[in-house]
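1. Following is a predicted model, sequence given first.
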Amino acid sequence: LSGARRIGHGTRAAHDPSLLAKLAKEGVVLEVCPTSNEALGVVPSVAAHPVRGFLEAGVPCVVSSDDPTLFDTDLLREYVRLHREVGLSLAELGRMAGTGFEVAFTGPLEAGRDLRARLEVWREEALDWSAA
């Protein structure tokens, strides 16, 4: 892993508990791409995607659409599929989105943290609004 911050896909890591533990310990983020993984036969279905196991092992994950034109998807559809087919909660998906802000290649790490802080404020406001 030597210095890796993010790894695209990483689905095969699900077969190696020691690797999952190392990814979690080092905070290496896996970019999950459910639709492309299904289309390419990496997973038999989105429902069978190992993302839940990654999260349970403490591995930070973000959602990616991989190649939206080729796979006829976008980021919103990826979140919806993870919610409906994998059963990830909105809170889990929200944490994944927040992680995305932190690890985006937007320049200094502080910029990503600022974006995540703004996301948290928006999320709290949305929760307050939905409870009313």
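-> Yes, it's here. Numbers count the residues shown, from 1 in each chain.

2. Glu92 against Leu55, yeah?
-> Yes: Glu92 is within contact range of Leu55, at 6.4 Å (criterion: Cβ atoms under 8 Å). Any C-beta I mention is one placed from the backbone N, CA and C, and that applies to glycine too.

3. Can you check my assumption that Glu92 lies in a strand?
-> No: counting by DSSP: H, G, I helix; E, B strand; the rest coil, Glu92 falls outside a strand, being helix.

4. What about it, how many residues nearby?
-> The tally of other residues near Glu92 (other Cβ atoms under 10 Å) stands at 17.

5. Count the residues that sit near Gly58.
-> 12.

6. Spit out the contact partners of the residue nearest to the spatial centre of the chain.
-> Centroid check for the chain by Cα atoms, centre = their mean gives Val62 as the closest residue, at 2.1 Å. For Val62, the contacting residues are 6, 29-32, 96-97, 99-100, 103, by Cβ atoms under 8 Å, 6 or more residues apart in numbering.
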